[in-house]
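Novice: give the three-dimensional model of this entry:
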Amino acid sequence: MNTALRRIVLAITAALGIFVGVWAAAFPDSFYSEFPGLGFIWVAVDGPFNEHLIRDVGGLYLAIAAATLLALFSRELAATRAVGVAWTVFGVLHLSYHASHLAGMSETDAIGELLSLSVSLVLGIILLLPARRPSAQTPDTTNTKETAQ
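Specialist: This is a model prediction of the structure:
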């Protein structure tokens, strides 16, 4: 995968983590009753309000977002891959849970939730793709640094 696409994916995943993380950590009541917004409700249908759990989810998203920002600005392929592993593992587990707990949701909410969770999983997988090999005219500088930023 080329470096520009990798950096775009890092920026998108960081923004996703910051959006969900700040909302859950700072405004747990609102996150519980209104997430993801625009009239959709994906959290409240899954059980009673638990402020501790929701703030922990916010902290998790903010932690992954912080690591993602570090990878974005460090330009280290190893950092990008580590963040890709984190987003992928989290994405598989998160999507698996929600795919098996759709009771009480409207069809539109269920589709929207599964689609959004699938997108975040795919973004994590994209970060795991190998770096593009240098062309014959470009000197081989591939080690653990991405140099064509």
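Novice: who touches the worst-scoring helix or strand of the chain on mean pLDDT?
Specialist: Ranked by mean pLDDT, DSSP states H and E, the weakest helix or strand in the chain is strand 40-41, scoring a mean of 87. Defining contact as CB atoms under 8 Å, 6 or more residues apart in numbering, one finds that strand 40-41 is touched by 33-35, 108-109, 112. In this view, the C-beta of every residue, glycine as well, is placed from N, C-alpha and C.
Novice: buried subset of these?
Specialist: Among those, those scoring as buried are 34-35, 109, 112 (criterion: 16 or more other CB atoms under 10 Å).
Novice: so where is the protein shaky, pLDDT-wise?
Specialist: 1-2, 134-149 (pLDDT under 70).
Novice: related to what we said a few turns ago, the least confident helix or strand of the chain pairs with which strands, and in what direction?
Specialist: strand 36-37 (antiparallel) (DSSP bridges).
Novice: what does the strand it pairs with contact?
Specialist: With CB under 8 Å, 6+ apart as the criterion, strand 36-37 contacts 42, 112, 116.
Novice: I'd like the residues you listed laid out as CSV, including distance to R133.
Specialist: Output for those, formatted as CSV (distance: CB to CB, whole Å):
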residue, distance to R133
W42, 41
G112, 38
S116, 33
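Novice: which of those residues sits closest to F73?
Specialist: Distance to F73, by CB to CB, is smallest for S116 among the contacts of strand 36-37, at 25.9 Å.
Novice: which element, helix or strand, includes that closest one?
Specialist: Using DSSP states H and E, the element containing S116 is helix 107-126.
Novice: tell me the buried residues in that helix?
Specialist: Neighbour-count burial for helix 107-126 [16+ other CB under 10 Å]: 109-110, 112-113, 116-117, 120-121, 123-124, 126.
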